[in-house]
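K.L.:
Here is the input, now give the coordinates:
(2 chains)
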Amino acid sequence: DTGVSQDPRHKITKRGQNVTFRCDPISEHNRLYWYRQTLGQGPEFLTYFQNEAQLEKSRLLSDRFSAERPKGSFSTLEIQRTEQGDSAMYLCASSSRTSHNEQFFGPGTRLTVL
Amino acid sequence: AQKVTQAQTEISVVEKEDVTLDCVYETRDTTYYLFWYKQPPSGELVFLIRRNSFDEQNEISGRYSWNFQKSTSSFNFTITASQVVDSAVYFCALRDSPYNNDMRFGAGTRLTVKP
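P.N.:
Purely as a prediction, here's the structure:
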């Protein structure tokens, strides 16, 4: 499978716990994006990487959220001290150097905070 | 500020009917990009089309067609002879410059095609 992959697909955690999600982009894609989607809404942009550099962060990305892409390949999104309001689908997308307007999405990680 | 409005929350049609999904956008930029994505029940967003602001030509791809009108800031999507497999949530999205990576999505339209 050469598409964007995300792990885990589902995560249930208790309020206050930390969680980490992983995204593996399409191999030749240098750009990587994280989005959050709540029920009945469209995805909301969280952050963007070009290679290993995090170039853009939304104001939605509070201090409890941190994203990394240490080697310019896979990326992780960590949420510390989770709150019930963090429950959502977290989507990762990637795009190529030559066609950066076309983002390919992964299947998402559904987070439920109890 | 950029904004995308999909006024139709849910649409239900019977198979073989034509259906149009509306999308209205707001942006102050003269260069921007519009997109449609499909999100089937499996959850993965599937890219359907991208349109640049300087290309107002309508596009047809099989049963799908898109009508881009800058005068009304609309980018509507029509499915001809709908099929049950077309049932999904469809999102319109806007990216308002080549240097802005914040792609703004509408709230989506849930299309149900009944047999």
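K.L.:
Now chain B against chain A: closest residue?
P.N.:
residue B:105 (3.0 Å; Cβ to the nearest Cβ). Every residue, glycine included, has its C-beta placed from N, CA and C.
K.L.:
Show me where chain B dips below the pLDDT cut-off.
P.N.:
B:98-100 (pLDDT under 70).
K.L.:
correction: chain A
P.N.:
Low-confidence segments of chain A (pLDDT under 70): A:1, A:100.
K.L.:
Near chain B, which residues of it are found?
P.N.:
A:31, A:33, A:40-45, A:48, A:55-56, A:58, A:89, A:91, A:93, A:100-108, A:110 (Cβ under 8 Å from any Cβ of the partner chain).
K.L.:
circling back: just give the number of residues close to the residue lying closest to the residue of chain B closest to chain A once chain neighbours are set aside.
P.N.:
The shortest distance from residue B:105 to any non-neighbouring residue, by Cβ to Cβ, 6 or more residues apart in numbering or on different chains, is to residue A:42 (3.0 Å). Per other Cβ atoms under 10 Å in any protein chain shown, the neighbour tally for residue A:42 reads 22.
K.L.:
OK, contacts around residue A:42?
P.N.:
Shown in contact with residue A:42 (Cβ atoms under 8 Å, 6 or more residues apart in numbering or on different chains): B:4, B:91, B:93, B:105, B:106, B:107, B:108.
K.L.:
And the furthest pair within the residues you listed?
P.N.:
Using Cβ to Cβ, the two most remote members of the contacts of residue A:42 are B:93 and B:107, lying 11.1 Å apart.
K.L.:
So for the two, which sits in the more crowded spot?
P.N.:
residue B:93 (25 against 16).
K.L.:
Give me the three-state assignment for that one.
P.N.:
strand (DSSP: H, G, I helix; E, B strand; the rest coil).
K.L.:
before we move on, back to that, can I have the buried ones of the contacts of residue A:42 as a PyMOL selection?
P.N.:
One line in PyMOL is enough to select the buried ones among the contacts of residue A:42; burial here means 16 or more other Cβ atoms under 10 Å in any protein chain shown:
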select buried, chain B and resi 4+91+93+105+106+107+108
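K.L.:
Adding secondary structure and distance to residue B:84, write the contacts of residue A:42 out as CSV.
P.N.:
CSV is the format used below for the contacts of residue A:42 (DSSP: H, G, I helix; E, B strand; the rest coil; distance: Cβ to Cβ, whole Å):
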residue, secondary structure, distance to residue B:84
B:4, strand, 27
B:91, strand, 20
B:93, strand, 25
B:105, strand, 25
B:106, coil, 24
B:107, coil, 24
B:108, coil, 19
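K.L.:
thinking again about what came up before, dump the residue contacts of the residue of chain B closest to chain A.
P.N.:
A:42, A:43, A:44, B:4, B:37, B:91, B:92, B:93.
K.L.:
right, and residue A:112 touches residue A:12 too?
P.N.:
Yes - look at residue A:112 against residue A:12 with Cβ atoms under 8 Å: they come within range, at 4.7 Å.
K.L.:
Identify the residues contacting residue 114.
P.N.:
All of this is about chain A. A:12, A:13, A:14, A:15, A:84.
K.L.:
think we crossed wires, I meant chain B
P.N.:
So residue B:114 contacts B:12, B:13, B:14, B:15, B:84 (Cβ under 8 Å, 6+ apart).
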